[in-house]
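> got a predicted structure here, sequence first:
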Amino acid sequence: MAVITMRTPQALLVACVLSLSGGRLAAAEPTLYDRIGGEPVLGRVVADLIDHAASDPRTGRSFHGSNLPRIKTLVTEQLCELTGGACRYSGDSMREVHAGQRISQGEFFAFTELLQDALRRAGVGLSARNELISRLAPMEREIVERPSAGLGAP
Ligand code: HEM
């Protein structure tokens with residue numbers, strides 16, 4: 001078997017080419033965004049989520065009079081960024097956007113359930129669903145202003 005030593009320029013060239021092509025050939029891990037199905041699926045999931053959240057008796061009160069198309073656009077943008085898609089969320093912080101709505105922990109959990117339902121309806125797999133929910137979980141402390149399980153107006 002030929003042994004390549006690092007003494008000749010040819011051997012150095014071979015080593016460089018091998019290491020460069022190795023880097024390029026390594027398969028990139030799919031992002032959560034890819035696993036969900038990219039923009040078409042995410043857009044559908046968010047539209048479905050917001051329509052249900054606005055009409056569900058557990059979460060609907062906050063959305064009365066809100067601009068639903070705007071919320072859908074911004075939530076899609078935000079989830080695209082959060083899952084590794086090529087988007088930048090252009091809205092305000094979660095604390096600013098939800099300030100004063102007195103959202104309870106119960107309402108937050110109901111909203112998360114509606115998201116799970118929308119993901120399931122769009123055919124998103126279990127591990128991607130769970131991963132998205134766990135990425136959203138830290139936002140609870142910025143959105144919830146009432147620690148109670150109560151639903152509806154405070
Ligand atoms: C992890 C969970 C949540 C995320 C990621 C999220 C994200 C967002 C985003 C990106 C917007 C648009 C911001 C804008 O208009 O500038 C928004 C608006 C809004 N969200 Fe949430 N939200 C969450 C939970 C909730 C919950 C639990 C409720 C109520 C039950 C809620 C009610 C609303 C309402 C009413 C608006 C419109 C506010 C307005 O028009 O000023 N959100 N949310």
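That came in fine, so what should we check first? Residues are numbered from 1 along each chain as shown.

> from here on, just use CA atoms for contacts and neighbour counts.
Fine.

> for S104, give me phi and psi.
As for S104, its main-chain torsions (degrees, to the nearest 10) stand at phi -90, psi 170.

> OK, contacts around it?
By CA atoms under 8 Å, 6 or more residues apart in numbering, the contact set of S104 is 144-151.

> looking at those, state which has the most neighbours.
V144 (22 neighbours; other CA atoms under 10 Å).

> and M6, what's its pLDDT?
Residue-level confidence at M6 comes out at 45, pLDDT.

> kindly report the same for A118.
98.

> host element of it?
helix 105-121 (DSSP states H and E).

> helices of this structure, residue ranges please.
Along the chain, counting by DSSP state H, helices occupy 9-25, 32-36, 38-55, 68-82, 94-98, 105-121, 126-136, 140-143.

> for the most centrally placed residue in the chain, what are its contacts?
Centroid check for the chain by CA atoms, centre = their mean gives L79 as the closest residue, at 3.5 Å. Residues in contact with L79, defined by CA under 8 Å, 6+ apart, are L42.

> just to revisit the earlier point, can you redo the helices of the chain as CSV with distance to S62?
Shown next, in CSV, are the helices of the chain (distance: least, CA to CA, whole Å):
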stretch, distance to S62
helix 9-25, 49
helix 32-36, 28
helix 38-55, 8
helix 68-82, 11
helix 94-98, 9
helix 105-121, 10
helix 126-136, 19
helix 140-143, 12
